[in-house]
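Peer 1: Fold the following, please.
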Amino acid sequence: MAVPTTVWYILFCFMPMFGLIIAFKDYKIQPGKGFIYNVFHSEWAGFKNFEFLVKSNDLYVILRNTIVYNLIFIVMGTALAVILAIMMNMLHSRKRSKVYQTLMFFPYFMSWVVAAYFLDAFLNYDNGLINNMMRDAGNTANQWYMNKNVWPFILVIMYLWKSTGYNMVIYLSSISGIDQTLYEAAVIDGAGKWQQTRYITLPSLKNVIIMMFILNVGKIFYSDFGLFYQLSQGAKGSIFNSVATIDTYVFNALKSATPIGMTSAASFFQSVACCITILAANAIVKKIDNESSII
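Peer 2: Residues are numbered from 1 along each chain as shown. Here you go, the predicted structure:
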């Protein structure tokens with residue numbers, strides 16, 4: 001039964017790792033030759049490709065945005081998803097619970113491209129809903145796509161809107177697996193809903209929350225490209241300092257004909273950094289509570 005999964009991981013996860021060699025090559029495409037030939041016949045560049053990212057004047061900005069946004073997403077996303085899962089579980093009407101779950105889960109399937117069009121319908125300077133309301137009220141319209149101060153809030157709100165439903169279902173499924181006799185015993189002892197949540201639900205969710213935390217920390221140097229690039233319409237201009245991340249920076253550099261070795265080096269840097277962070281997070285969790293670690 002494990003063979004299909006093993007084959008999938010070999011083909012799509014381990015074999016592509018061969019391409020990491022490009023980060024240390026001055027990769028050049030020769031007419032009529034294949035990828036493997038071009039890789040082996042390109043000159044070694046050492047760590048020169050990494051200078052593109054390490055010596056960039058924008059390194060501090062893109063690193064700060066990538067890490068800080070991810071930390072906010074992890075903390076707020078986890079808290080909101082757990083709270084909603086507990087609330088959904090407390091609903092007596094199963095029909096209403098299913099309806100609410102569907103409505104909150106639906107945005108997860110929506111592409112960021114589609115979400116960007118919806119957002120533009122609100123923020124567009126000429127005919128956006130918010131600016132039209134401001135004009136009707138006698139106020140001056142705002143250039144939202146040039147106002148760097150509002151974009152941290154927009155990005156956080158849009159991320160939570162799109163991802164919370166999916167995360168909520170994960171925690172809700174864990175709650176449904178809790179032994180119901182625990183709640184029955186708590187009711188007999190006179191425990192209210194808050195006490196049941198505090199002493200039964202949250203302790204039972206602890207391992208799942210920690211596991212999701214460790215996995216999310218492992219992606220802390222990556223960013224959701226669609227969220228940052230599509231919504232901000234390019235992650236550049238006057239809002240660059242508020243929305244640019246490593247992924248959007250590399251993509252914009254790639255559009256300006258940056259050698260593929262440099263972009264591969266940036267991806268390699270992200271992978272190594274994420275590997276270190278996930279191992280560090282797991283080590284900290286293991287030191288605090290050995291049973292909650294995943295390695």
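Peer 1: Could you pull up phi and psi at Gly234?
Peer 2: The phi/psi pair for Gly234 (degrees, to the nearest 10) reads phi 120, psi -10.
Peer 1: now swap in Asn57 and tell me
Peer 2: Here is the backbone geometry of Asn57 (degrees, to the nearest 10): phi -70, psi -20.
Peer 1: Tell me how many other residues crowd it.
Peer 2: Asn57 is flanked by 6 other residues according to other CB atoms under 10 Å. Yep, even glycine has a C-beta here, placed from its N, CA and C like the rest.
Peer 1: now the one 5 residues further on
Peer 2: Neighbour count of Ile62, defined by other CB under 10 Å: 23.
Peer 1: What of Ile170?
Peer 2: Neighbourhood size, Ile170 [other CB under 10 Å]: 15.
Peer 1: That one touches Leu215, doesn't it?
Peer 2: No. If you go by CB atoms under 8 Å, Ile170 and Leu215 don't touch, sitting 10.9 Å apart.
Peer 1: Give the buried residues for the helix-or-strand element of the chain with minimal mean pLDDT.
Peer 2: Least confident helix or strand, the chain: helix 51-54 with a mean of 81, by mean pLDDT, DSSP states H and E. Burial within helix 51-54, assessed by neighbour count using 16 or more other CB atoms under 10 Å, is assigned to 52-53.
Peer 1: Just the CA trace of that helix, in PDB.
Peer 2: Provided in PDB are the C-alpha atoms of helix 51-54 (Å, rounded to 0.1, in the frame of the first residue of the first chain):
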ATOM      1  CA  GLU A  51      25.400  37.100  -3.900                       C
ATOM      2  CA  PHE A  52      22.300  38.100  -5.800                       C
ATOM      3  CA  LEU A  53      20.300  37.700  -2.700                       C
ATOM      4  CA  VAL A  54      22.800  38.100   0.200                       C
END
